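Novice: Sharing a sequence plus its predicted fold:
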Amino acid sequence: MEQQQELFGKLFNTIPLYNEDHLDVLLSTMDKEQSIYMLTQAVNFAFHSGIFSLGESEIISKSIRTLNKVEKNVVE
């Protein structure tokens, strides 16, 4: 039977961390695509935590969609 590794924590309540070194690996290997993903997760977490107003959330959401759209067009 496969043993599951115990969680050290979660970034933005969605990204699992298994130990402190795992955080260092994420930081040292992060590329542009991962950076956008992390920012998206951070904004979603902040929105669901009630940190942003509805208007602020709309601006941030549109900004993320625009960035993701630009990234997809560049890759294609």
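Specialist: Ah, there it is.
Novice: Only C-alpha atoms from now on, for both contacts and neighbour counts.
Specialist: Noted.
Novice: For stretch 8-20, what does the pLDDT average out to?
Specialist: Per-residue pLDDT values across stretch 8-20 average out to 86.
Novice: ok, residues contacting it?
Specialist: 5-7, 23, 41-42, 45 (Cα atoms under 8 Å, 6 or more residues apart in numbering).
Novice: could you redo the last one with a cut-off of 6 Å?
Specialist: 7, 42, 45 (Cα atoms under 6 Å, 6 or more residues apart in numbering).
Novice: what residue ranges in the protein score low on pLDDT?
Specialist: 1-3, 70-76 (pLDDT under 70).
Novice: the strands in it, which residues?
Specialist: Under the criterion DSSP state E, the chain contains strands at 9-11, 15-17.
Novice: for these, which one sits closest to E56?
Specialist: Closest approach to E56 among these (Cα to Cα): strand 9-11, 21.8 Å.
Novice: can you give me how far that closest one is from the chain middle?
Specialist: Centre-to-centre, strand 9-11 and its host chain are 11 Å apart (Cα atoms, centre = their mean, to the nearest Å).
Novice: so what strands line up beside that strand?
Specialist: strand 15-17 (antiparallel) (DSSP bridges).
Novice: Now do the buried residues in the strand it pairs with.
Specialist: Neighbour counts over strand 15-17 (16 or more other Cα atoms under 10 Å) mark L17 as buried.
Novice: do stretch 26-41 as well
Specialist: So stretch 26-41, judged by 16+ other Cα under 10 Å, has buried residues 36, 38, 40-41.
Novice: cool, and stretch 53-67?
Specialist: Buried, per 16+ other Cα under 10 Å, within stretch 53-67: 57, 60-61, 64.
Novice: Can you pick out the most distant pair from the residues you listed?
Specialist: Across these (Cα to Cα), the longest gap, 10.5 Å, separates S57 and I64.
Novice: Great, nothing more from me.
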